[in-house]
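> Got a sequence here, can you build the structure:
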Amino acid sequence: MTVYGYLIPGEAGEGAESMELQQRNVQAYAQEIGVVIDHLYTEEMESLALTFRKRSVGAALLEEVKNGDVVLVSQTESVLGSAREGLRLVEFLAKEGVSLYCCDLKENISLPTPRKLV
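The predicted model follows:
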């Protein structure tokens, strides 16, 4: 099992997290769930408007992950984008056996488990 962290610069506006804050959140959540991040992927100049698969680092990460791997992100919106693209990504990761943990939701969203409503 390899554990990946994924960071993307927040776009100016409400709710945008700095890269430092994202990294702290991802590291803290990794510790909380009992894993150690092996690789930290950082987007540089990509827009949140691009789908995860179309971002240079996001695409590279999807090429590398394999069954049993874990991906940690600070905010759900940084990887899911639109509902349609989010569903495609989650289905792809589930099919590949890759766990996607979102720190803001405090759960793995790629496993077929009941969701808690907040």
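> Can you name the residues that contact the spatially most central residue of the chain?
Centroid check for the chain by C-alpha atoms, centre = their mean gives Val73 as the closest residue, at 3.4 Å. The neighbours of Val73, taking C-beta atoms under 8 Å, 6 or more residues apart in numbering as the test, are 5-7, 26, 79, 100-103. Using the backbone N, CA and C atoms, a C-beta is placed for each residue, glycine as well.
> Give me the buried positions along the least confident helix or strand in the chain by mean pLDDT.
Taking mean pLDDT, DSSP states H and E as the measure, the chain has helix 77-80 as its least confident helix or strand, at a mean of 85. Of the residues in helix 77-80, 77-80 count as buried by neighbour count, 16 or more other C-beta atoms under 10 Å.
> What is the nearest of the residues you listed to Gly68?
Minimum distance to Gly68 across these is 19.1 Å, recorded for Val79 (C-beta to C-beta).
> quick one: the strands in the chain?
For the chain, the strands defined by DSSP state E occupy 3-7, 39-42, 70-73, 99-102, 107-108.
> any chance of these in JSON lines, plus mean pLDDT and distance to Leu61?
Output for the strands of the chain, formatted as JSON lines (pLDDT from 0 to 100; distance: least, C-beta to C-beta, whole Å):
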{"stretch": "strand 3-7", "mean pLDDT": "96", "distance to Leu61": "6"}
{"stretch": "strand 39-42", "mean pLDDT": "95", "distance to Leu61": "5"}
{"stretch": "strand 70-73", "mean pLDDT": "96", "distance to Leu61": "7"}
{"stretch": "strand 99-102", "mean pLDDT": "94", "distance to Leu61": "11"}
{"stretch": "strand 107-108", "mean pLDDT": "90", "distance to Leu61": "16"}
